[in-house]
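*Asks:* From the sequence below, what's the structure:
(one chain, ligands or ions: 1)
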Amino acid sequence: MDSSHYFTSPEGPFQRRSLEVQLAGRSVTVSTAPGIFSPDGVDKGTRVLLQEVPDPAQGGHLLDIGCGWGPIALSLAMRAPQATVWAVDVNERARTLCAENAAALGLDTVLVLPPEEVPADLQFSTIWSNPPIRIGKPALHELLLRWLPRLAPGGEAWLVVQKNLGADSLQRWLAGQLQEAFTVERAASQKGFRLLRVARHAADGQARSGGTGGQTGAGQTSGGGQR
Ligand SMILES: C[S@@+](CC[C@H](N)C(=O)[O-])C[C@H]1O[C@@H](n2cnc3c(N)ncnc32)[C@H](O)[C@@H]1O
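*Replies:* A predicted model of the protein is given here:
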C-alpha cells in the first residue's frame, strides 16, 4: 500500500470527486481526492469504529487524530452538535477536504488544523481515531503519547486498529505506558479490526462506563468487555 499520503502534501493534481456516504445515520455528499487516505469511501476500519462506538461526550472538546477527508470528525460533529471538534492531519490536502466537507454540511463546530496548531492546554472529552499505523511503530507511539494523555478526566479515546497490523500488541503497549490513571481495553473485534477503548479515570479514580465495553482494572489489558 502506498503510504506517502501520510507524510507529505500530495504532488499529483488536486482533483475533487463527490461521493455519497452514510455518516451518523445520514446520507451525505462529501468531496475526496487522490493523495489522501481512503478516497473511494469510508474505510472498513473507520466503519467499524463508527458503527461500534458509543456517542461522544456532548460538550467540551473532541478530537479526531488523522482526520483524512473527515468521516470521523464529521460524525463526531453530527453526533455531538454542542461540542467543538478538533480535526488534525499532517496531510494538507486532507485538511482542505475535511474543512470543505464540514462547511458543506453546515458543521461549523469542526476546526481543521495541522497538529501543532492545536492549543497545548486543551483537554479532550472524547478522542476517536483510525490512527496512521503505517507510519511505523516509533512514530505511532510518539503520536499516541502526544494525544492520549490529553484526555480530560473521565474522558475516553476509541481507536480502531487492524488485528494483523498489531492491534493486540499496541493495546498492551498502551496499557504499560499510560498506567494507573487510565484503563485500556478491547471493546470490540469485528471484520479483522480491534476497537480499543482508552479511558482516563475521573478525578475520583473511576473510569466512565464504556458503552460497548466493560471496565477493567487500572492500566490493564484484559479480556473484560471483549467481543
Ligand atoms: C488511517 S488514516 C485515517 C483517515 C480518516 N480519519 C479516515 O478514517 O478515513 C490516518 C490519517 O492520519 C494522518 N496522519 C499521519 N501522520 C499523522 C500525524 N503525525 N498527525 C496527525 N495525522 C497524521 C494521515 O495523513 C491519514 O490521513
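*Asks:* I'd like to check what contacts the one helix or strand A99 maps to. Which residues are they?
*Replies:* Assigned by DSSP states H and E, A99 belongs to helix 92-104. Here helix 92-104 makes contact (CB atoms under 8 Å, 6 or more residues apart in numbering) with 5, 9-10, 14, 16, 29-33, 35-37, 67-70, 73-74, 77, 87, 89, 108, 110, 112-114. Yep, even glycine has a C-beta here, placed from its N, CA and C like the rest.
*Asks:* close to the ligand, is whichever helix or strand comes after it?
*Replies:* Using DSSP H and E, the helix or strand that follows helix 92-104 towards the C-terminus is strand 110-113. No. Figure legend: strand 110-113 not in contact with the ligand (CB under 6 Å from any ligand atom); closest approach 10.0 Å.
*Asks:* which residues touch the residue of the chain found nearest the ligand?
*Replies:* Using CB to the nearest ligand atom, the closest approach of the chain to the ligand is made by G66 at 2.3 Å. Applying CB under 8 Å, 6+ apart, we find G66 in contact with 37, 88-90, 129-132.
*Asks:* mind checking pLDDT for it?
*Replies:* Looking at G66, its pLDDT stands at 98.
*Asks:* ok, and the closest non-adjacent residue to it?
*Replies:* P132 (5.1 Å; CB to CB, 6 or more residues apart in numbering).
*Asks:* and what of V48?
*Replies:* Leaving aside its chain neighbours, V48 sits nearest to F193 (4.5 Å; criterion: CB to CB, 6+ apart).
*Asks:* Near S75, how many residues? Count them for me, please.
*Replies:* Applying other CB atoms under 10 Å, we find 26 residues neighbouring S75.
*Asks:* P132 is in contact with L143, correct?
*Replies:* Yes. With contact defined as CB atoms under 8 Å, L143 reaches P132; the gap is 7.3 Å.
*Asks:* These two: who's more crowded?
*Replies:* More crowded of L143 and P132, by other CB under 10 Å: P132, with 21 against 18.
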